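Trainee: how would this look folded up:
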Amino acid sequence: MTDLTSFTNIANWLQDLAEFGPSNISIVLAGNKNDLVDKRVISFDTAVNLAKIYNLDYIEVSALSGDNIKFTFEIITKNMAKVQDELELRESKKSKKSKKHNYKNNDIDYASRNPFDTETNSVKIILDKNKKSKSKCCS
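Mentor: As a prediction, this is how the structure comes out:
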């Protein structure tokens, strides 16, 4: 809030994070030194607009007085929990898709054989001739 050079470097730092940081990082734009009102060079609206451009939360803090420091970490923690929930949901969907089902229908055993014929690029139904029918009809 008091250093124009730092403010103009935010875009570079965000680019570095995007390039070298983890993809699921939680970022909050924090304007420090809100206790130095008379030395402020970045307006609140300017900082908020930059945060909106990068889809970030924005908060003004003072490391000296501790103003909003705890709240900043609460925001980061909530964002991290949200990211973790989204990752777990994606992993859950992946594991559901990858589960193998053992479908059996009287004389057809789909789970024990690959029904895809790579030579003809078609699906084949394999009858299990060794399997005895459970049906007592017509025996």
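Trainee: in this protein, which spans are helices?
Mentor: Under the criterion DSSP state H, helices of the chain are mapped to 4-20, 44-53, 69-98.
Trainee: and the ones you listed: which comes nearest Ile59?
Mentor: Shortest distance between Ile59 and the helices of the chain, using Cβ to Cβ, is found for helix 69-98: 5.4 Å. In this view, the C-beta of every residue, glycine as well, is placed from N, C-alpha and C.
Trainee: now do the buried residues in the closest one.
Mentor: 72, 75-76, 79 (16 or more other Cβ atoms under 10 Å).
Trainee: in terms of secondary structure, what does it contact?
Mentor: Helix 69-98 is packed against strand 28-31, strand 57-60, with contacts defined by 3 or more Cβ pairs under 8 Å, 6 or more residues apart in numbering; DSSP states H and E.
Trainee: hang on, the earlier thing: and the helices of the chain, which one's lowest on average pLDDT?
Mentor: Per-stretch mean pLDDT for those is lowest at helix 69-98 (a mean of 86).
Trainee: rewinding a little: and the helices of the chain as a markdown table, adding distance to Ile59?
Mentor: A markdown table is the format used below for the helices of the chain (distance: least, Cβ to Cβ, whole Å):
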| stretch | distance to Ile59 |
| --- | --- |
| helix 4-20 | 14 |
| helix 44-53 | 9 |
| helix 69-98 | 5 |
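Trainee: so which of those gets nearest Ser26?
Mentor: Nearest to Ser26 among the helices of the chain is helix 69-98 (3.8 Å), distances taken as Cβ to Cβ.
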